[in-house]
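Visitor: Below: sequence and its predicted model.
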Amino acid sequence: MALRIDVVSLFPEACAAWCDTSIVGRARRRGLLQLQCHDPRRFAGGRHRVVDDRPFGGGPGMVLAAPPIAMCLDHCRSYSRASRILMPTPQGKQMNQAMLADWAASPHLIFCCGHYEGIDERIFELYQPEEFSLGDFVVSGGELPALTAIDGVTRLLPGALGDAMSAVDDSFQQGELDHPCYTRPAEFRGLQVPEVLRSGDHRAIATWRAEQRRQRTQDRRPDLL
């Protein structure tokens, strides 16, 4: 059964265009992933379909109003009784490979992308979304974090990659960084491809790669060990 992903965004065309490319686009064409983007303006009242308003208590910026976001989320949830709402926020847990694997095992994901100064807090109280973050920095909206998560989730779907081992060998899958990779030519600007990789000895190559993964992780991300 294909994974279904719905994206709630003020910029559905931009999200949809990106999701038609590379591995995500290929997974959609293969029927491994169903993905649809939704503009909450469709659920806003009035001639101008306004979805934001000034914050109570004053302050700069605008806040996405609860009614159109709630109605859009309700529409997305109607596709499945087992939906999970994921929301990129500064206070969310930093996304990691284990979270992506957990999401990839779900039948239906809904990514709700905030913008401006954020979303009315009552959406969090009503829907209890799973909040996640890419790190301790700020971007203009939730679209980029959501698309990053969608890409990471799609890579883990069976059949999404040309070689299933590509996902198994990715960084973080085994708790370590990936080993160095080389391709032709064997010599470039005085730098040689390690001899072991040209030896044809698969056992020696596997040992070298395992050593390189551990050493690279120790040198660059010791917190993972």
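Guide: Yep, that arrived.
Visitor: for the protein, longest helix please?
Guide: helix 202-220 (DSSP state H).
Visitor: Pull out the buried positions in it.
Guide: 205, 208-209, 212-213, 216-217 (16 or more other CB atoms under 10 Å). (C-beta placed from N, C-alpha, C; glycine too.)
Visitor: for those, which one is nearest F43?
Guide: Checking the buried residues of helix 202-220 against F43 with CB to CB, the nearest one is T217 at 46.3 Å.
Visitor: Contact partners for that closest one?
Guide: 176-177, 224-225 (CB atoms under 8 Å, 6 or more residues apart in numbering).
Visitor: For A104, see how far away the most centrally placed residue in the chain is.
Guide: By CA atoms, centre = their mean, the chain has its centre lying nearest to A149, at 0.5 Å. Plainly put, A149 is 10 Å away from A104 if you go by CB to CB, to the nearest Å.
Visitor: Mark which of the contacts of T217 are buried, thanks.
Guide: Here, 16+ other CB under 10 Å leaves 176-177 buried among the contacts of T217.
Visitor: May I have the phi/psi pair for the residue of the chain most remote from its centre?
Guide: Farthest-out residue of the chain from its mean C-alpha position, per CA atoms, centre = their mean: G190, at 38.3 Å. Backbone torsions of G190, given as degrees, to the nearest 10, read phi 80, psi 0.
Visitor: which SS state does P88 fall under?
Guide: strand (DSSP: H, G, I helix; E, B strand; the rest coil).
Visitor: one step back: could you measure the residue nearest to the centre of the chain against A70, distance?
Guide: 22 Å.
Visitor: In contact with the residue nearest to the centre of the chain, which residues?
Guide: A149 is in contact with 86, 88, 95, 100, 103, 111, 132, counting by CB under 8 Å, 6+ apart.
Visitor: Of those residues - the most surrounded one?
Guide: F111 (29 neighbours; other CB atoms under 10 Å).
Visitor: so the closest residue to that one other than its chain neighbours, which of the three states?
Guide: Using CB to CB, 6 or more residues apart in numbering and skipping the chain neighbours, the partner closest in space to F111 is A146 (4.1 Å). Using three-state DSSP, the structure places A146 in helix.
Visitor: any idea how the chain splits into domains?
Guide: For the chain, whose domains are defined here by automatic domain parsing, the residue ranges read 3-155, 169-224.
Visitor: lowest average confidence, helix or strand, in the chain?
Guide: The helix or strand of the chain with the poorest confidence is helix 165-168; it has a mean of 63 (mean pLDDT, DSSP states H and E).
Visitor: following that one, which helix or strand comes up?
Guide: Per DSSP states H and E, the first helix or strand lying C-terminal to helix 165-168 is strand 187-188.
Visitor: For the residue nearest to F111, give me its contacts.
Guide: With CB under 8 Å, 6+ apart, A146 has these contacts: 7, 9, 15, 86, 88, 111, 113.
Visitor: Which ones among those map onto helices?
Guide: C15.
Visitor: Max pairwise distance over the contacts of A146: which two?
Guide: C15 and L86 (13.9 Å).
Visitor: any low-confidence regions in this structure?
Guide: Low-confidence segments of the chain, defined by pLDDT under 70: 164-171.
Visitor: got the residue ranges for the strands in it?
Guide: 3-8, 33-38, 52-53, 63-64, 83-94, 108-112, 130-133, 187-188, 191-192 (DSSP state E).
Visitor: partners of the last one, with directions?
Guide: For strand 191-192, the paired strands and their directions (DSSP bridges) read strand 187-188 (antiparallel).
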